[in-house]
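S.K.: all I have is the shape, not the residue letters:
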């Protein structure tokens, strides 16, 4: 990771850490770098989520872009994948999304897409960082007629929804769908999209006030949707996150269908249809062991990446795979999109429900989840990474892994964002793995805290 850019762009507490000054500098540096390679007045699209801080950060970005001679095109409130889609449709030189995704309202972020719709490269991020942190005076500030302009694209939502609609071959007439918009970006798109395709749609958490994005709702807090679907007899529930790049589902009985199960359902059908590249799916090391069992039973190869959508995407591009994602519902369909798209995930599942004439609960039986226990151990900042060199800790982990054998697994990893060690254990018996997780986490506390 760079000094400003992490795996998800630039993020922090809005205005305090991700300041308006920094946002302006990012806009200025991006515009200047693009202007050098693309010629005068590069066009940069800007989307934003519903956070209170998004408007002021958008204004700062626009100011920086125009000061360095670029044109800023404001798309308004749109999902992150809409920016990736429209930057290609509009033949723009870059797209910027202002959002902190599934995080709370006090945070915000800036994510940059290149002209090809993919996140900009590490080299591009490093170059932008260098101009901001080391040589800001090297950025040429234009004047007179060379100052960029700010435009507002009134057709962004319509064109994005139309694009998604064009990707499906089935209609959803008669299906009753409950949608949790997380008080975020899909408030502007989901009702239009699924209604166009014939579904009867009911939305919850679709009244953003600038402060309630992801607040006890959406894909990170799905309990409310589970109760709502079961109580009101919907055919399916769909939960998005704040910026619309994740989707989790709820079946008609109110049971959660997570990203692993969604990918399993899609992979099985695609393999039957000859659409699954190399008969493979890319998942992270956090993917449930149940997915491994499903893949073996169905002749599908499980390709494993590190945790994080960026690593999933890199593995997919390197290997030529077209389906991959994470347990949290961030799924990539590289035949149709350059980034995760929650609404596209929903469309793919609904297509299969209609074409197979099956309920989601029936489709989800192809994968059985193994019990999983996760315990987070907060450690002092100065102890970061030290557990890996502590033979008492590593020896215990090795012994317990050997005891589990093929009946489970242990994954101990440190968070990249905060001083927390995550102890995750899967196995056939919950009581057994819970006991092991408590034992390992307690030893970590004793040794490091």
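M.R.: All right, it came through fine. For clarity, every value in this text was computed on a predicted model and none was experimentally measured.
S.K.: CA atoms for contacts and neighbours, from now on please.
M.R.: OK.
S.K.: break this structure into its domains for me.
M.R.: Domains of the chain are assigned by automatic domain parsing as 10-154, 173-254, 258-369, 372-448.
S.K.: now these in CSV, with distance to residue 166?
M.R.: Listed next are those as CSV, based on distance: least, C-alpha to C-alpha, whole Å:
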stretch, distance to residue 166
domain 10-154, 13
domain 173-254, 10
domain 258-369, 10
domain 372-448, 38
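S.K.: can I get these in a markdown table including mean neighbour count and mean pLDDT?
M.R.: A markdown table is the format used below for those (neighbours: other C-alpha atoms under 10 Å; pLDDT from 0 to 100):
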| stretch | mean neighbour count | mean pLDDT |
| --- | --- | --- |
| domain 10-154 | 21 | 95 |
| domain 173-254 | 22 | 97 |
| domain 258-369 | 19 | 96 |
| domain 372-448 | 16 | 91 |
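S.K.: residue 164: which of the ones you listed is closest?
M.R.: Across those, residue 164 has its closest neighbour in domain 258-369 (6.8 Å, C-alpha to C-alpha).
S.K.: off-centre distance for the closest one?
M.R.: The chain centre lies 14 Å from the centre of domain 258-369; the measure is C-alpha atoms, centre = their mean, to the nearest Å.
S.K.: how about stretch 153-171?
M.R.: Worked out by C-alpha atoms, centre = their mean, stretch 153-171 lies 20 Å from the chain centre.
S.K.: now swap in stretch 147-159 and tell me
M.R.: In terms of C-alpha atoms, centre = their mean, the centre of stretch 147-159 is found 24 Å from the chain centre.
S.K.: what do you get for stretch 369-388?
M.R.: On the basis of C-alpha atoms, centre = their mean, stretch 369-388 sits 22 Å off its chain's mean C-alpha point.
S.K.: what's near enough to touch the residue nearest to residue 279 when sequence neighbours are not counted?
M.R.: Leaving out its chain neighbours, the residue that sits closest to residue 279 by C-alpha to C-alpha, 6 or more residues apart in numbering is residue 300, at 5.3 Å. The contact partners of residue 300, taken as C-alpha atoms under 8 Å, 6 or more residues apart in numbering, are 267, 271, 279-281.
S.K.: could you do residue 372 as well?
M.R.: By C-alpha under 8 Å, 6+ apart, the neighbours of residue 372 are 288, 424-427, 430, 433.
S.K.: swap in residue 137?
M.R.: With contacts defined as C-alpha under 8 Å, 6+ apart, residue 137 is in contact with no residue.
S.K.: what is the burial count for residue 255?
M.R.: Here the number of neighbours of residue 255 (other C-alpha atoms under 10 Å) works out to 19.
S.K.: in the stretch 201-350 of the chain, which spans are strands?
M.R.: Using DSSP state E, counting those that start in this stretch, the strands of the stretch 201-350 of the chain run over residues 236-240, 247-250, 256-257, 280-284, 301-305, 323-325, 331-333.
S.K.: could those strands go into JSON lines alongside distance to residue 65?
M.R.: Output for the strands of the stretch 201-350 of the chain, formatted as JSON lines (distance: least, C-alpha to C-alpha, whole Å):
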{"stretch": "strand 236-240", "distance to residue 65": "31"}
{"stretch": "strand 247-250", "distance to residue 65": "32"}
{"stretch": "strand 256-257", "distance to residue 65": "42"}
{"stretch": "strand 280-284", "distance to residue 65": "36"}
{"stretch": "strand 301-305", "distance to residue 65": "35"}
{"stretch": "strand 323-325", "distance to residue 65": "33"}
{"stretch": "strand 331-333", "distance to residue 65": "30"}
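S.K.: need the next SSE after the helix or strand harbouring residue 123, C-terminal direction.
M.R.: Using DSSP states H and E, residue 123 maps to helix 122-133. Using DSSP H and E, the next helix or strand after helix 122-133 towards the C-terminus is strand 150-152.
S.K.: report all helices and strands that that next one contacts.
M.R.: When contacts are defined as 3 or more C-alpha pairs under 8 Å, 6 or more residues apart in numbering; DSSP states H and E, strand 150-152 packs onto strand 71-77.
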